[in-house]
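Trainee: below are the sequence and a predicted model; questions follow.
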Amino acid sequence: MFQSPSTVSSAWATLRRGFLAIGFFSMILNLLMLAGPLYMLQVYDRVLTSQNMDTLIALSLLLGGVFLVTGLLDLVRMRILSRLGASFELKIGAPILASAIRRRVQGKATGDSPAADVSGLRDFISGPTLIAFFDAPWIPLYLGVLYILHPYLGALGLAGALLLTLMALINNARSADVMQDAAHARTRSDSLFTSSEQNAELVHAMGMTGDLVRRWTALQHTAHDLKSKVSDRLASFSVMSKTIRMALQSAMLGLGAALAISGEATAGVMIAATIVLARALAPIDQLIGQWRSFLAARGSYKSVRALSETYPQSAKRLSLPRPQISLTARIAQAGPPLAQTATIGGIDFALSAGDVVAVIGHSGSGKSTLAKMLAGIWMPQRGSIRLDGTPMAKWDPAELGRFVGYLPQDVQLFDGTIRENIARFSTAIDDAKVLAAARAADVHDLISGLAEGYATEIGHGFHLSGGQRQRIALARALYDDPFILVLDEPNSDLDAQGELALRNAIGRARARGAITFVMTHRPSTLEAVNKVLTLSRGTQTGFGDKDDILRPRQQATVARPAAQHLAMRAPAAPTQEGATQ
């Protein structure tokens, strides 16, 4: 579904007033740029013939004042563009980040870099390329001045401008697709580099360094080949345009000289026409030189606009009261957003406040998929999960998130302080709730023992062990006493002390009326639960009180070896031949 207008196009529209100011300054600047040719015209045609020094001094002072005003206006124009670029980045940065998060949740990440696209657009707005676009509409002004000086001079200037414009269009047609392919290849190589570095320990332990280096090198070769192809084409056009521009200036000088010899123009006209032509062709020359920047900005604009339109912010939903009574799950079919087939189904259970459920199953049985459903990350294709009778899909995602505590298998902490991480980077951090969450996760003493305590910065060379990260993430999940607590393999990196802290945290959550789900393989965690849900191949195979579900499983576990032992000791059955005898 597409949203109209998009966030990006709306943000671009807000720059209109700034662009109008830039257009006004560009008009004044381009008019003042005629002062130089007029000065040369007066010097050659009047001052040199009259030998009047006072006139030369007056004209020079006047030209100096014009140059001063021109410099100030150009400085103001550049400062306005710089602020427009920053304003545009601020307007679209947050919505694009939110859209990128929604895309990742739906499993549709494409390997591009929205942050780089936003930064590229900011640099384009603030850079010289956009200035060339604002100067280009004034090319007819300079061509008109050339025509006033002499029609032949105007015709030569028009022919030169048309030739360079045609070259720019051909340059665009030949370079756009190749540049897009080069950017895609570079994104793939950068992604491999980043993922290899982030998983350095795994890569080193499994001897994958050499193979990954070779693969990255191959991707780099592809990217460099495409980049070289683009560079060669752009360089060829740049050199050709520079050569043609120099030839046109020489031709203008020669034509002016011929007209002066024939008496149709003066020497001042010859010099002034050359300067005017150079100014007329300057925007085109700048655009050809900066064409790569323009193509990159155009690609970035298309990318971020498509992202914002494809994954728009959902409309604000009715604010619902905090759930505090029950959770009911009836899932006929569900799975990851991009899955071709459902990965879980046949889920049917109901829970009341204070229930703690252990979700048990082999790897691939659907525990993590169910965890994401219970945390509100994914929604069932058929069926629903209801809180106090209301389907999760009806809740506003931001409000629902305040009632959910989620601890995934892959624990990630964000750039910021431990205090901010536990408080989920809330704009209004409640320190009492931060301390309560840290104590509930039994991590307060650990944090207090750090040099900076809760103000310790994560991601600035400070290293935490896997167990420490998991316990801080558990405190984040417990922040503000969520009604639903989903813990996916919460003790994978915990030692005995950490497991005890986990069981205590689950007990406190149960005491205050939270509904807790623990996806686990470890029997020690089962001590804290009162219900068990078993999964096999994505299907619910059992649900009920812990003793009712685990006792038959334990009996089966004990009975299976005994049956095998008896079978080994039993005498062999007589064969048919022996019976006959």
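Mentor: Yep, that arrived. Residues are numbered from 1 along each chain as shown.
Trainee: and A272, what element?
Mentor: Following DSSP states H and E, one finds A272 within helix 267-289.
Trainee: one more: G93?
Mentor: Counting by DSSP H and E, G93 is part of helix 53-105.
Trainee: show residues contacting the following helix or strand past that helix.
Mentor: The C-terminal neighbour of helix 53-105 among helices and strands, as given by DSSP H and E, is helix 114-126. With Cβ atoms under 8 Å, 6 or more residues apart in numbering as the test, helix 114-126 has contacts from 15, 81-82, 84-86, 88-89, 92-93, 96-97, 99-100, 130, 293-294, 296-297, 299-301, 303-304, 307. Where you see a C-beta, it was placed from the backbone N, CA and C, and this is true even at glycine.
Trainee: buried subset of those residues, written for ChimeraX?
Mentor: This is the ChimeraX syntax for the buried subset of the contacts of helix 114-126, where burial follows 16 or more other Cβ atoms under 10 Å:
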select :15,81,84,85,88,89,92,93,96,99,100,130,293,294,296,297,299,300,301,303,304,307
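Trainee: circling back: can you give me the angle the helix holding G93 makes with helix 114-126?
Mentor: Counting by axes from the mean of the first three to the mean of the last three Cα atoms, to 10 degrees, helix 53-105 lies at 160 degrees to helix 114-126.
Trainee: for helix 53-105, what is the distance to the chain centroid?
Mentor: Its chain's C-alpha centre and that of helix 53-105 lie 27 Å apart, by Cα atoms, centre = their mean, to the nearest Å.
Trainee: so how far is S195 from L387?
Mentor: Distance, L387 to S195, using Cβ to Cβ, to the nearest Å: 37 Å.
Trainee: between these two, which has more neighbouring residues?
Mentor: L387 (24 against 11; other Cβ atoms under 10 Å).
Trainee: what pLDDT is listed against that one?
Mentor: L387 carries a pLDDT value of 90.
Trainee: that one and K394, how far apart?
Mentor: L387 is 9 Å from K394, by Cβ to Cβ.
Trainee: check A511 too.
Mentor: In terms of Cβ to Cβ, A511 sits 29 Å off from K394.
Trainee: name the residue in these two with the higher neighbour count.
Mentor: K394 (13 against 9).
Trainee: do a quick rundown of the strands in the stretch 301-450 of the chain.
Mentor: 326-333, 347-352, 356-360, 382-387, 390-391, 404-407, 416-417 (DSSP state E, counting those that start in this stretch).
Trainee: between these, which one is nearest to V239?
Mentor: Across the strands of the stretch 301-450 of the chain, V239 has its closest neighbour in strand 416-417 (49.7 Å, Cβ to Cβ).
Trainee: can you name every helix or strand that that closest one contacts?
Mentor: Applying 3 or more Cβ pairs under 8 Å, 6 or more residues apart in numbering; DSSP states H and E, we find strand 416-417 packed against strand 457-458.
Trainee: what residue ranges in the stretch 351-500 of the chain score low on pLDDT?
Mentor: Within the stretch 351-500 of the chain, the ranges that satisfy pLDDT under 70 run 459-462, 493.
Trainee: for it, which segments count as helices?
Mentor: Along the stretch 351-500 of the chain, counting by DSSP state H, counting those that start in this stretch, helices occupy 367-374, 397-402, 418-422, 431-440, 444-448, 466-478, 496-511.
Trainee: wait, which of those helices is closest to L212?
Mentor: Between the helices of the stretch 351-500 of the chain, helix 466-478 lies closest to L212; by Cβ to Cβ that is 23.1 Å.
Trainee: report the angle between the axes of the closest one and helix 496-511?
Mentor: 10 degrees.
Trainee: at the geometric centre of this structure, which residue sits there?
Mentor: The centroid of the chain falls nearest to P114 when counting by Cα atoms, centre = their mean (3.2 Å).
Trainee: I'd say A342 and G383 touch.
Mentor: No - between A342 and G383 there is no contact under Cβ atoms under 8 Å: 10.3 Å.
Trainee: shared neighbours of these two, anything?
Mentor: Counting by Cβ under 8 Å, 6+ apart, the residues touching both A342 and G383 are Q333, A334.
Trainee: and A218, what element?
Mentor: helix 209-261.
Trainee: quick check: the gap between F414 and I288.
Mentor: Going from F414 to I288 by Cβ to Cβ gives 44 Å.
Trainee: more neighbours: the two, which one.
Mentor: Counted by other Cβ under 10 Å, F414 and I288 do not tie: I288 has more neighbours, with 23 against 11.
Trainee: for A280, see how far away the residue nearest to that one when sequence neighbours are not counted is.
Mentor: By the measure of Cβ to Cβ, 6 or more residues apart in numbering, the closest residue to I288 outside its immediate chain neighbours is S241, 4.7 Å from it. For S241, the distance to A280 equals 14 Å [Cβ to Cβ].
Trainee: show me what the closest residue to L550 other than its chain neighbours bridges to in the sheet.
Mentor: Leaving aside its sequence neighbours, L550 sits nearest to V532 (Cβ to Cβ, 6+ apart; 6.1 Å). Counting by DSSP bridges, V532 is bridged to A358, G544.
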